[in-house]
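Novice: predicted coordinates and the sequence they were generated for:
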Amino acid sequence: MTAADMQSLLKQPFDYVWDNSSKGAVGAGKAVIDSAKEWNSKLLTYVSSAGIYQPNDVFPMPETTPIKESAGQVQYEKYAIESGLPFVSFRPQYIYGEKSNKWDYLDWYFDRLVRGETLPIPAPGTQKVSLTNSADVASLLASVLNDEAAAVEQTFFNCGTDEL
């Protein structure tokens, strides 16, 4: 898909663009960025992934944690920034809940929890993970409209916490 294809389908420009499905700056992902640029959009908001970070023992991970340069989401973020668009990227770890795309394996864990069954966790069992409800992610994505300039200045936002 190209930007021309996308614009032909959508039939109108958009001031605000949210992309929660692209995995790189190719195909539809590139078309989203190119369209937002051509439309002179006020803001492009992207749902990236905490999976782009290089492994380390710091938790919660700061936004300054080194990233995997080869990750498709990193390529998307770089292309969006290089395009000169006002850009914000959220990096959630695991999203669960209504309309999430990871329900098939996360629900397996929740099902075991509510039935009081054990959870198999690889040794040594010290891995940390952050689960974020889809409604909370939606709220985070909408929050950029509260202060667009501040959001663009920060650019990258981790979506996790070490608190319960």
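Specialist: The structure has been received and is ready for your questions.
Novice: when you work out contacts or count neighbours from here on, use the C-alpha atoms and nothing else.
Specialist: Noted.
Novice: quick check, pLDDT for residue 63.
Specialist: Residue 63 is assigned 84 on the pLDDT scale.
Novice: quick one: residue 45 is in a strand?
Specialist: Yes - counting by DSSP: H, G, I helix; E, B strand; the rest coil, residue 45 is found in a strand.
Novice: what residues are bridge-paired with it?
Specialist: Counting by DSSP bridges, residue 45 forms beta bridges with residue 18, residue 88.
Novice: thought it was touching residue 85?
Specialist: No - at 10.1 Å, residue 45 and residue 85 do not qualify as touching, with contact defined as C-alpha atoms under 8 Å.
Novice: tell me which helix or strand comes right after the least confident helix or strand in the chain by mean pLDDT.
Specialist: Each helix and strand of the chain was given a mean pLDDT (mean pLDDT, DSSP states H and E); the minimum falls on helix 103-114 at a mean of 79. Scanning forward in sequence from helix 103-114 by DSSP states H and E, the next helix or strand is strand 131-133.
Novice: hmm, back to that, which outside residues touch the least confident helix or strand of the chain?
Specialist: 96, 97, 118, 119 (C-alpha atoms under 8 Å, 6 or more residues apart in numbering).
Novice: would you format these as JSON lines with neighbour count included?
Specialist: Listed next are those as JSON lines, based on neighbours: other C-alpha atoms under 10 Å:
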{"residue": "96", "neighbour count": "21"}
{"residue": "97", "neighbour count": "16"}
{"residue": "118", "neighbour count": "9"}
{"residue": "119", "neighbour count": "11"}
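Novice: between those residues, which sits nearest residue 151?
Specialist: Among the contacts of helix 103-114, residue 96 lies closest to residue 151 (C-alpha to C-alpha), at 24.2 Å.
Novice: the closest residue to the closest one other than its chain neighbours and residue 116, how far apart?
Specialist: Excluding the flanking residues, the one nearest residue 96 by C-alpha to C-alpha, 6 or more residues apart in numbering is residue 133, at 5.0 Å. As judged by C-alpha to C-alpha, to the nearest Å, residue 133 and residue 116 stand 21 Å apart.
Novice: what's the answer for residue 79, then?
Specialist: 46 Å.
Novice: which one of the two is surrounded by more residues?
Specialist: Each of residue 79 and residue 116 has its neighbours counted (other C-alpha atoms under 10 Å); residue 79 has more, 19 against 9.
Novice: which strand or helix spans the more buried one?
Specialist: Residue 79 belongs to helix 72-82, assigned by DSSP H and E.
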